[in-house]
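1. got a sequence here, can you model it:
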Amino acid sequence: CTETIIRQVGDIGRMVDEFSSFARMPSVVFKNFDIRDAVNQTVFLQRVAHPEIEYIFECEENGEMPINADSRLISQALTNILKNSAESIYRNNDRVESKILVTLRQEEEVISIDVADTGIGLPDINREALLEPYITTRDQGTGLGLAIVKKVMTDHGGEITLGAAPWVIDGRSGAQITLSFPSIKLEKVGHSKVEEVI
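-> Numbers count the residues shown, from 1 in each chain. Reported below is the predicted structural model:
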């Protein structure tokens with residue numbers, strides 16, 4: 001009962017935050033940075049917030065992965081997706097494991113972040129509508145979380161793709177959301193080594 005109350009209070013707080021964020025989206029401040037560090041820190045914060053969920057961060061590249069973007073907005077977009085994944089896992093009463101896999105990869109001049117979960121998954125029909133404002137599958141949702149992500153990606157010349165997780169557990173596949181950005185040449189950023197947070 002206490003856990004339910006805490007979660008409901010958290011839902012209300014998130015609704016207020018999402019309305020405020022959508023109404024006052026800040027201007028994009030572009031800066032060159034290594035996206036590996038930003039993703040690693042964002043995943044770490046969600047791991048601390050949801051210790052009952054197993055968060056896995058995998059990076060397919062050994063070197064730096066530079067992009068020209070607003071690190072604040074990219075972190076906010078990824079946070080929104082990770083929060084959606086956590087809520088989807090909590091709603092999956094039939095789950096046998098609680099897991100969120102975040103994969104950072106690069107293909108030619110595109111850097112992508114894949115977020116896959118063991119939640120209830122996305123609808124098969126008209127799922128792209130979830131990217132529009134005020135469209136949600138949750139009773140207590142605002143429908144602004146993914147709309148904010150879409151706005152951030154559009155402002156960065158990137159893309160967001162909604163799909164199914166690369167696994168099926170007990171006949172159910174969770175969701176996978178992919179964020180894709182144009183990369184930049186390595187010499188445009190510093191060469192400091194990035195250590196993943198354990």
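
2. so which residues of this structure form strands?
-> Here the chain has its strands, by DSSP state E, at 31-34, 54-59, 66-69, 99-107, 110-117, 159-164, 175-182.

3. so which residues of the chain form helices?
-> Ranges of helices in the chain, per DSSP state H, are 2-23, 35-49, 71-91, 145-155.

4. what's the average pLDDT for the shortest one?
-> I take that to be helix 145-155. Regarding helix 145-155, the rounded mean pLDDT is 90.

5. pull out the buried positions in that helix.
-> If you call a residue buried by 16 or more other CB atoms under 10 Å, then helix 145-155 has these buried ones: Gly145, Leu146, Ala147, Ile148, Val149, Lys150, Lys151, Val152, Met153, Asp155. Bear in mind the C-beta positions are built from the backbone N, C-alpha and C, glycine included.

6. now tabulate the strands of the chain in a markdown table and tack on distance to Asn92 and mean pLDDT.
-> A markdown table is the format used below for the strands of the chain (distance: least, CB to CB, whole Å; pLDDT from 0 to 100):
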| stretch | distance to Asn92 | mean pLDDT |
| --- | --- | --- |
| strand 31-34 | 34 | 94 |
| strand 54-59 | 14 | 97 |
| strand 66-69 | 32 | 93 |
| strand 99-107 | 11 | 96 |
| strand 110-117 | 9 | 97 |
| strand 159-164 | 14 | 95 |
| strand 175-182 | 10 | 95 |
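
7. kindly reformat those strands as CSV containing distance to Pro123 and mean neighbour count.
-> Below are the strands of the chain laid out as CSV (distance: least, CB to CB, whole Å; neighbours: other CB atoms under 10 Å):
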stretch, distance to Pro123, mean neighbour count
strand 31-34, 35, 17
strand 54-59, 25, 16
strand 66-69, 30, 21
strand 99-107, 20, 19
strand 110-117, 15, 21
strand 159-164, 9, 16
strand 175-182, 10, 21
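
8. could you dump those to a markdown table with distance to Tyr90?
-> Shown next, in a markdown table, are the strands of the chain (distance: least, CB to CB, whole Å):
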| stretch | distance to Tyr90 |
| --- | --- |
| strand 31-34 | 32 |
| strand 54-59 | 14 |
| strand 66-69 | 30 |
| strand 99-107 | 12 |
| strand 110-117 | 11 |
| strand 159-164 | 19 |
| strand 175-182 | 13 |
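
9. ok, which of those strands comes nearest Leu130?
-> Ranking the strands of the chain by proximity to Leu130 (CB to CB) places strand 159-164 first, at 6.6 Å.

10. report the angle between the closest one and helix 145-155.
-> 140 degrees (axes from the mean of the first three to the mean of the last three CA atoms, to 10 degrees).

11. packing partners for strand 159-164?
-> Packing partners of strand 159-164 (3 or more CB pairs under 8 Å, 6 or more residues apart in numbering; DSSP states H and E): helix 145-155, strand 175-182.
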